[in-house]
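Novice: return a 3D structure for these sequence lines:
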Amino acid sequence: MKRLTDKMNNLAVKGYVKGMQARAKLAEVIAQKSGEGFVDTALKILISVVVGALLLAGLYTLFKDTILPTLTQKITTLFNYQG
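Specialist: The predicted structure is shown next:
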């Protein structure tokens with residue numbers, strides 16, 4: 001019976017020590033004042049999406065107004081060859 005009590009005490013002490021270590025680590029993480037927060041990450045993602053949308057809109061406008069009409073005209077003249 002004494003061995004069982006000793007094992008239970010060892011387990012209780014180990015559990016207490018692990019709990020205190022976890023508590024100390026949690027307190028250290030919470031107390032940190034450096035690092036990247038959620039707002040910074042959200043702002044970076046938002047800026048990336050806006051810049052990407054502007055880039056796509058610019059490319060679409062370029063293709064629609066400049067490249068596609070010229071390409072259509074060249075293809076039409078290519079197939080209307082009357083040599």
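Novice: can we go C-alpha only for contacts and neighbour counts from here?
Specialist: Will do.
Novice: count of neighbours near residue 56?
Specialist: 12 (other C-alpha atoms under 10 Å).
Novice: please, which helix or strand holds it?
Specialist: helix 38-62 (DSSP states H and E).
Novice: over that helix, what's the mean pLDDT, rounded is fine.
Specialist: Helix 38-62 shows a mean pLDDT of 91.
Novice: do stretch 19-30 as well
Specialist: Averaged across stretch 19-30, the pLDDT comes to 92.
Novice: kindly report the same for stretch 68-77.
Specialist: 81.
Novice: cool, stretch 3-16 as well?
Specialist: 87.
Novice: tell me where the longest helix sits in the chain.
Specialist: Across the chain, the longest stretch assigned as helix under DSSP state H is helix 2-31.
Novice: distance from that one to the middle of the chain?
Specialist: 36 Å (C-alpha atoms, centre = their mean, to the nearest Å).
Novice: could you give me the buried positions within that helix?
Specialist: The neighbour-count check on helix 2-31 (16 or more other C-alpha atoms under 10 Å) flags nothing as buried.
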